[in-house]
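S.K.: model the following, please.
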Amino acid sequence: MFPRALNRAVLPALAVFAVVSGLSPAAADGIPLAPGHRLVSHYEGGPATAAPLPGQAPPQHPFMAPNGRSGMHSDASGSATSPWSGPLGRKPTVTSEKIAALGGECATATFDSAGRLVTVCGTFSGFKVELLEPRTLAPLAEYQLPQRSSTVRAISTLDLSKIFKDTSGGAYFYLDNEDRAVLADSRQHILRLSHAQGPDGTWRFRADDDWDLTGQVPHDCADWTNLRPTGTCDPVTSVMPDWNGRIWWVTRQGRVGTVDPATSRIRSIRLPGEEIQNSFSVAEDGVSIVTDHALYSFRADADGTPVAQWRQTYDRGTGTKPGSVNQGSGTTPDLFGDGYVAITDNADDRMNVLVYKRGTDVPEGQRLVCRVPVFGAGASTTDNSLITWGNSIVVENNYGYENITSLVLGKSVVGGASRIDVRADGSGCDTVWQSPVRSPSVVPKLSTGNGLLYFYEKEPNIWGIDAWYLTAVDFRTGERRWRRLTGTGPLYDNNWAPITLGPDGTAYVGVFNGIVAVRDSG
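M.R.: Residues are numbered from 1 along each chain as shown. Predicted coordinates for the structure are as follows:
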């Protein structure tokens, strides 16, 4: 999902980043390269030929920007697919933008109706909503969000794990059907931000709406005037509209709520003892949310109060694996195919991909379609959304990735990706292919316009060089087609941010120090 857990070796890590940031010349606002970039391959493989995928795109949500440009997972269904063709590997070039001196990772990237990027970037001084020019990545406008409680606690205690276990503060936002960014900030407020160009040519963000959730959500959170709060702080992790335009929101401590934009009426319930760290998905038949205990389908009653339509528990294992943020599924539910929903579990030996029927009239004991174990024994987990297209599912292995210090000095993860298809008659699922691609923590994407999957890859290096690549894999066969070096060093670690495919064929990757763009030039 988004930045997770740094260990207590905080000061050495910060020293490393400070040194790296001054080692290599770069463009004025580009992200610096660490040593070794001349000693590794810059391009491998060969250009692919676009082979669009047959099938029907996920339903277009009436209150969100068009599919492919509305949020971290591309659409309301969580498919992680894009209708546009990403880069094909024809002399791909790389552009980067450094957002802050330290940090600056741009997680969710969306596109307004003119193709400009609207993104939220996390820095040590707080999150910022950025409007970026899509070709140069030059900043056009900025809206400062309040600093997260976890950042205050991390700085005051020198324990950065408090930051990187926190998925709140605006990372999961969406762009609505009027080009407005809708997010929950660290004050437990939901904001709706528009952007416009003034008479002087400059761009600005404006808060059109501000809904205060503190009447429903505990908010005794740390700040610089309250370093040791004694009450409860429950951060809001994600927001999404339903098919009626009602804005749903969830919190880390299991609260599920709604805001009616027309009346500003706020309603919520709590799922006692359950935690929600990821986003959720929405279809006409309900809102799908996964906690660290169960998968739910919700609807809203007449006054907006969430009501569970059904609940399905899964194997949550006996502990948190390296590469997971908590003891539970790391996925946002995927709504796909003929009324299916897919997640992963947290089973101890091997993680399973789980596919369920999502109707409200499914007989007891008949909701599960299949349970497919993936990756190696004792080395499988994911904390990223699945990719779904038609009846196909692609899952990535994140086992072993904890934070930006996990893979320094040439280390990598065991990796792997797998495609699983639900049988046409719904009688079960089959593994189609398995790939050795090592993609430590990225939210991958599929271009249905060209048939390529995009991963962010890092291979082991005996010389200790940390080289990061945008990698294209054939959706049909699992074959790696090409990969392009984006940069070297921890500043190019994507640290749970997604790949996003743009309308002009560019692939964007949020990285620790900002954002990277890869596009064809040939």
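S.K.: immediately after the helix or strand of the chain with the lowest mean pLDDT, which helix or strand?
M.R.: Lowest on mean pLDDT, DSSP states H and E among the helices and strands of the chain sits helix 10-20, with a mean of 36. Under the assignment DSSP states H and E, the closest C-terminal helix or strand after helix 10-20 is strand 43-45.
S.K.: what about the residue nearest to residue 97 when sequence neighbours are not counted, neighbour count?
M.R.: Nearest non-adjacent residue to residue 97, counting by Cβ to Cβ, 6 or more residues apart in numbering: residue 137, 3.6 Å away. For every residue, glycine as well, the C-beta is placed using N, CA and C. Applying other Cβ atoms under 10 Å, we find 24 other residues in the vicinity of residue 137.
S.K.: same question for residue 389.
M.R.: 24.
S.K.: for the nearest residue to it once chain neighbours are set aside, what are its contacts?
M.R.: Spatial nearest neighbour of residue 389, chain neighbours left out: residue 81 (5.5 Å); criterion: Cβ to Cβ, 6+ apart. Contacts for residue 81 were tallied using Cβ atoms under 8 Å, 6 or more residues apart in numbering; they are 57-58, 67-68, 74-75, 387-389, 445-448.
S.K.: rerun that using 6 Å as the cut-off
M.R.: Residues in contact with residue 81 (Cβ atoms under 6 Å, 6 or more residues apart in numbering) are 74, 389, 446, 448.
S.K.: now secondary structure, distance to residue 35 and pLDDT too, for these, in TSV please.
M.R.: Converted to TSV, the contacts of residue 81 look like this (DSSP: H, G, I helix; E, B strand; the rest coil; distance: Cβ to Cβ, whole Å; pLDDT from 0 to 100):
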residue	secondary structure	distance to residue 35	pLDDT
74	coil	36	95
389	strand	40	98
446	strand	34	98
448	coil	39	98
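S.K.: nearest to residue 464 among those residues?
M.R.: If you rank these by distance to residue 464 using Cβ to Cβ, residue 446 comes first, at 32.9 Å.
S.K.: burial count for the closest one?
M.R.: Applying other Cβ under 10 Å, we find 26 residues neighbouring residue 446.
S.K.: contact partners for it?
M.R.: Counted by Cβ under 6 Å, 6+ apart, residue 446 has contacts 81, 387, 453, 475.
S.K.: before we move on, what about residue 69?
M.R.: Neighbour list for residue 69: 110, 111 [criterion: Cβ under 6 Å, 6+ apart].
S.K.: quick check, pLDDT for it.
M.R.: Per-residue pLDDT puts residue 69 at 91.
S.K.: what does residue 77 give?
M.R.: 97.
S.K.: does residue 276 touch residue 291 like I think?
M.R.: Yes: with contact defined as Cβ atoms under 6 Å, residue 276 counts as touching residue 291 (5.3 Å).
S.K.: residue 129 contacts residue 120, correct?
M.R.: Yes: in this structure residue 129 lies within contact range of residue 120 using Cβ under 6 Å: 5.5 Å.
S.K.: okay, the two: which has more neighbours?
M.R.: Taking neighbours as other Cβ under 10 Å, residue 129 and residue 120 compare with residue 120 leading, 27 against 22.
S.K.: how much space between the closest residue to that one other than its chain neighbours and residue 54?
M.R.: Counting by Cβ to Cβ, 6+ apart, residue 120 lies nearest to residue 170, which is 4.6 Å off, once chain neighbours are set aside. Distance of residue 170 to residue 54, given as Cβ to Cβ, to the nearest Å: 37 Å.
S.K.: and if you look at residue 505?
M.R.: Distance, residue 505 to residue 54, using Cβ to Cβ: 21 Å.
S.K.: the more surrounded of the two?
M.R.: Each of residue 505 and residue 54 had its neighbours counted (other Cβ under 10 Å), and the higher figure belongs to residue 505 (18 against 8).
S.K.: just say helix, strand or coil for the more buried one.
M.R.: Assigned by DSSP: H, G, I helix; E, B strand; the rest coil, the conformation of residue 505 is coil.
S.K.: repeat that for residue 175.
M.R.: strand.
S.K.: I'd guessed it sits against residue 110; true?
M.R.: Yes: using Cβ under 6 Å, residue 175 is in contact with residue 110, at 4.0 Å.
S.K.: so what's in contact with those two at the same time?
M.R.: In contact with both residue 175 and residue 110: residue 118, using Cβ under 6 Å, 6+ apart.
S.K.: mean confidence (pLDDT) on stretch 472-480, please.
M.R.: 98.
S.K.: contacts for that stretch?
M.R.: 433, 435, 446, 451, 452, 453, 454, 481, 482.
S.K.: ends of that stretch, what's the gap?
M.R.: One end of stretch 472-480 sits 6 Å from the other (Cα to Cα, to the nearest Å).
S.K.: could you check that stretch and say which residues are buried?
M.R.: 472, 473, 474, 475, 478, 480 (16 or more other Cβ atoms under 10 Å).
S.K.: next one: stretch 318-332 to chain centre, how far?
M.R.: 15 Å (Cα atoms, centre = their mean, to the nearest Å).
S.K.: equivalent analysis for stretch 309-326, please.
M.R.: Between the centre of stretch 309-326 and the centre of its chain there are 18 Å (Cα atoms, centre = their mean).
S.K.: what are the boundaries of the strands in the stretch 51-200 of the chain?
M.R.: Counting by DSSP state E, counting those that start in this stretch, one finds strands in the stretch 51-200 of the chain at the ranges 81-82, 93-98, 103-111, 117-123, 126-132, 139-144, 174-175, 181-184, 189-197.
S.K.: of those, which is nearest residue 282?
M.R.: Comparing the strands of the stretch 51-200 of the chain under Cβ to Cβ, the one sitting nearest is strand 174-175, at 9.9 Å.
S.K.: residues in contact with that closest one?
M.R.: 64, 65, 70, 71, 110, 118, 181, 182.
S.K.: and what of stretch 246-264?
M.R.: Stretch 246-264 has contacts (Cβ under 6 Å, 6+ apart) with 184, 190, 211, 216-217, 234-242, 266-271, 274, 276, 287, 300, 304, 306.
S.K.: for the strands of the stretch 51-200 of the chain, give me JSON lines that also has distance to residue 370.
M.R.: Putting these into JSON lines (distance: least, Cβ to Cβ, whole Å) gives the following:
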{"stretch": "strand 81-82", "distance to residue 370": "21"}
{"stretch": "strand 93-98", "distance to residue 370": "40"}
{"stretch": "strand 103-111", "distance to residue 370": "30"}
{"stretch": "strand 117-123", "distance to residue 370": "36"}
{"stretch": "strand 126-132", "distance to residue 370": "39"}
{"stretch": "strand 139-144", "distance to residue 370": "44"}
{"stretch": "strand 174-175", "distance to residue 370": "30"}
{"stretch": "strand 181-184", "distance to residue 370": "34"}
{"stretch": "strand 189-197", "distance to residue 370": "37"}
